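Q: Curious how this folds, go ahead:
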Amino acid sequence: MVTGSDKGQEGLEWAAITGVIATVSVFALAQGLSYPLLSFILQRQGVSPAMIGLSAAMTPIGFILSSPLIPALARRFGAGRTALTCAALSAVVLALIGCTQNVYLWFPLRFLIGVVTNPLYVLSEIWVIALAPPARRGRIMGVYSTIISAGFAAGPLCLLAVGTQGWSPFLVGICAFVLCGICLASVLPRLPKVDESGHQLSVLSFVPLAWLLLFAVVVAAGIEQASLALLPVYGMHYGIAEARMSALLSMMIAGNIAMQVPLGLLAERLTARFVQLICIGITTLGCVLLPLLIETPLIWPTIFIWGAVSYGIYTMSIIELGERFSGSALVAGNAAFSLMWGVGGISVPPVAGGAMDVLGASGLPITLGLLCFALALSSVVGRGKA
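A: A predicted model of the protein is given here:
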């Protein structure tokens, strides 16, 4: 029998989940806006593409180096206070970037924005995982992944409305971070104390507990970043117009956005690990089919599904993380996820690009296919061990 008290408690949990997801969606919009904005500004200043790429790499480096610090910060200052402080600092650092407009000063500032935004993202994700009822965790994390992707995609669209010159785009990003803090503050009293636990874990001590999940995060990040960076180059090898390759990338992102909730619902029925294995298998098949279908109309549904299942590898990893861990282990695990996402995003695109230099266009699907095959093999062999 469900009492009025139970219904009230459930209502508070859903309100808290909604508030945290709103927080992360605003964060994603601010991040999605800043990447292309800063690249456009540097391009107008005549900065070389290589220097623009190095500048952009500062933010994920900030993610990587700050990730091991998150559990200690949450324990020392509290997860809520840490996240609110990071929201405020993110707005300040973005304002400093807008003030300086200098490529060399942007290197440390873009590193700093990675450092201060990462705890906000990680802790918000932890709260969503901790709040999600086990029976509905799949669909909730599917919604979460969808909104994150949609937020990042909406960032560049904001630039169409406000332009890329002057203070207007920076003010949108600054206001987004401020709104992020307001959303978080409004639900903070309802959030679980994820930073309180008897046995404390660091990021490094978490790695042996779930190495397979962390490997899956590396693969998902690597596929996403390598695809976004190198699919246009891949298309050029086949003489495909830039506009068509841009549309294919949009189709891949659309698959990512549209299919995470259905995959989450499937995980509730079949388990996250089994659905992840399906996603890995279909992603591997997509790598095999890419060179066969790239010049045919069948590439459109293929790339849509490929985008859905390749990111689904990460969504299933989040779901399984929430099923297996709680308290300080969940904090350490999510920080480790952030670290491994940065590692995959930075390491895989150069490897795939180098393979394309040696093998031609086929280097991209071969690299990503081998990565997926290694994950599939590890998932089968290591099942029950990690």
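
Q: list the buried ones in stretch 313-328?
A: Using 16 or more other CB atoms under 10 Å as the test for burial, stretch 313-328 gives 313-323, 325-328. Using the backbone N, CA and C atoms, a C-beta is placed for each residue, glycine as well.

Q: next one: stretch 167-181
A: Buried residues in stretch 167-181, counted by 16+ other CB under 10 Å: 169-170, 172-174, 176-181.

Q: Give the full set of residues in contact with Y121.
A: Residues near Y121 by CB atoms under 8 Å, 6 or more residues apart in numbering: 24, 27, 338.

Q: so where does it fall, helix or strand?
A: helix 103-131 (DSSP states H and E).

Q: Which positions within that helix qualify as buried?
A: Neighbour-count burial for helix 103-131 flags 103, 106-107, 109-131 (criterion: 16+ other CB under 10 Å).

Q: Ok, stretch 153-164 next?
A: 153, 155, 158-159, 162, 164.

Q: Pick the one among these closest to L209.
A: Ranked by distance to L209 (CB to CB), the buried residues of stretch 153-164 are led by A153 at 33.4 Å.

Q: Residues touching the strand or helix carrying L370, excluding its own?
A: Using DSSP H and E, L370 sits within helix 363-381. Residues outside helix 363-381 that contact it (CB under 8 Å, 6+ apart): 212, 215-216, 219, 222-223, 226-227, 230-231, 233-234, 273, 276-277, 280-281, 283-284, 287-288, 290-291, 313, 348, 351-357, 359.

Q: Please enumerate the helices of this structure.
A: Counting by DSSP state H, the chain has helices at residues 4-44, 49-66, 70-77, 79-100, 103-131, 137-162, 168-187, 203-206, 211-237, 242-270, 272-293, 299-324, 327-359, 363-381.

Q: Any chance of the ones you listed in JSON lines with distance to V194 as columns?
A: Output for those, formatted as JSON lines (distance: least, CB to CB, whole Å):
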{"stretch": "helix 4-44", "distance to V194": "11"}
{"stretch": "helix 49-66", "distance to V194": "18"}
{"stretch": "helix 70-77", "distance to V194": "7"}
{"stretch": "helix 79-100", "distance to V194": "6"}
{"stretch": "helix 103-131", "distance to V194": "5"}
{"stretch": "helix 137-162", "distance to V194": "15"}
{"stretch": "helix 168-187", "distance to V194": "14"}
{"stretch": "helix 203-206", "distance to V194": "14"}
{"stretch": "helix 211-237", "distance to V194": "18"}
{"stretch": "helix 242-270", "distance to V194": "21"}
{"stretch": "helix 272-293", "distance to V194": "20"}
{"stretch": "helix 299-324", "distance to V194": "11"}
{"stretch": "helix 327-359", "distance to V194": "6"}
{"stretch": "helix 363-381", "distance to V194": "28"}
